[in-house]
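Okay, structure incoming, though there's no sequence with it:
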């Protein structure tokens with residue numbers, strides 16, 4: 001057994017039998033390591049280690065259980081098996097540092113951070129080392145690396161995970177371009193969402209999102225999607241697309257933000273009441289109904305994935321008044337689906353109902 005594997009198999013001082021975890025920052029120049037997608041391979045003494053992962057992006061929804069496939073094999077097949085150590089981690093992205101997920105050898109494993117208790121290794125088939133994640137969260141989407149380490153080689157494959165969701169633009173109650181990047185992050189989180197990535201905004205643009213106000217994205221760039229070119233939105237001479245201002249100063253510059261809300265596990269509904277409500281009365285009415293006043297991200301998700309369709313404007317948790325239209329008709333505003341907004345009315349106004357959210 002080589003010295004590298006001896007180090008990796010040293011027991012953890014706090015969990016008997018688990019491998020020592022040191023981040024695996026070691027030289028692997030002999031392995032021919034590849035960071036590409038689909039599969040990677042290394043050759044040592046005529047034996048090739050191959051790690052296979054899917055090329056296509058996996059899609060799931062919040063609260064679901066998902067399996068990130070990963071298998072490995074040797075070419076030619078080994079006469080006697082080698083002990084291997086498996087490491088899964090989530091890659092650094094948009095300023096978020098790399099996150100350790102799970103390390104395992106044989107039937108023993110250790111998970112880390114927010115993944116602790118939610119992940120385990122699936123080893124149903126021969127040399128299968130797939131990662132199962134339970135109760136998916138918004139922050140779980142991203143790129144994951146499956147690494148296989150034996151006494152001679154170190155190879156890995158990449159799996160990309162996305163959640164089904166909806167991108168929506170969001171403004172500060174005081175109006176356009178009031179949020180720096182950190183305030184934009186908080187604003188999305190308060191609406192049960194996260195700041196959208198460029199890939200999420202691009203998919204939303206492909207599906208028809210057209211918005212003339214620039215907003216922060218996850219990588220601290222500022223962009224906006226245009227389907228119909230027009231003079232106030234970059235001019236008539238530019239083709240449709242996602243227009244970019246590039247990276248901006250996270251503290252000094254101020255814009256709107258594009259948020260991403262995942263599909264819901266609960267239910268959003270318009271509370272039937274004979275009278276209209278103030279904002280405070282709306283909050284209390286939802287509580288009395290065994291629910292809570294809905295957030296903007298929850299309303300957008302219910303409109304997108306549950307077909308919520310209502311022509312009555314209602315209060316939301318941020319103090320805005322909105323209503324979702326899945327089936328456009330002349331009496332409900334513009335003739336395209338969407339969530340209509342009345343902005344942020346006087347909280348004492350009694351012109352609106354309320355949308356409530358009831359978790360599963």
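Arrived safely. Note that the structure is a prediction, hence the values are computed from the model and not measured.

drop to CA atoms for contacts and neighbour counts, all remaining ones
OK.

which stretches of the stretch 1-150 of the chain have low pLDDT?
Low-confidence segments of the stretch 1-150 of the chain (pLDDT under 70): 1-45.

can you rerun that using 80?
By pLDDT under 80, the low-scoring segments of the stretch 1-150 of the chain are 1-46, 94-96, 125.

ok, which stretches of it are strands?
39-44, 47-52, 58-60, 66-68, 71-75, 85-90, 99-105, 108-111, 119-122, 130-133, 142-149 (DSSP state E, counting those that start in this stretch).

Make TSV from these and add mean neighbour count and distance to residue 221 to it.
As requested, these are exported to TSV (neighbours: other CA atoms under 10 Å; distance: least, CA to CA, whole Å):
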stretch	mean neighbour count	distance to residue 221
strand 39-44	20	31
strand 47-52	22	33
strand 58-60	16	25
strand 66-68	19	29
strand 71-75	17	36
strand 85-90	22	22
strand 99-105	20	23
strand 108-111	18	33
strand 119-122	21	32
strand 130-133	20	30
strand 142-149	21	18
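
Of these, which is nearest residue 330?
Ranking the strands of the stretch 1-150 of the chain by their distance to residue 330 (criterion: CA to CA) puts strand 58-60 first, at 35.1 Å.

Can you pull up the most central residue in the protein?
residue 141 (3.7 Å; CA atoms, centre = their mean).

my guess is that residue meets residue 163, correct?
Yes: using CA atoms under 8 Å, residue 141 is in contact with residue 163, at 6.2 Å.

Return, as residue ranges, the portions of the stretch 201-350 of the chain with sub-threshold pLDDT.
If you take pLDDT under 80 as the line, the stretch 201-350 of the chain has no such spans.

follow-up on the earlier one: export the strands of the stretch 1-150 of the chain as CSV, with columns for distance to residue 243.
CSV is the format used below for the strands of the stretch 1-150 of the chain (distance: least, CA to CA, whole Å):
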stretch, distance to residue 243
strand 39-44, 34
strand 47-52, 36
strand 58-60, 26
strand 66-68, 33
strand 71-75, 40
strand 85-90, 29
strand 99-105, 31
strand 108-111, 40
strand 119-122, 38
strand 130-133, 35
strand 142-149, 23
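
Contact partners for residue 309?
303, 323, 324, 325, 326, 327 (CA atoms under 8 Å, 6 or more residues apart in numbering).

Next one: the last one relative to residue 215, how far apart?
With distances taken as CA to CA, to the nearest Å, residue 327 is found 28 Å from residue 215.

The two: which has the busier surroundings?
Per other CA atoms under 10 Å, whichever of residue 327 and residue 215 has more neighbours is residue 215, with 31 against 15.

Phi, psi for the residue of the chain most remote from its centre please.
Distance to the chain centre peaks in the chain at residue 79, reaching 42.7 Å (criterion: CA atoms, centre = their mean). Backbone geometry at residue 79, expressed as degrees, to the nearest 10, gives phi -70, psi -40.
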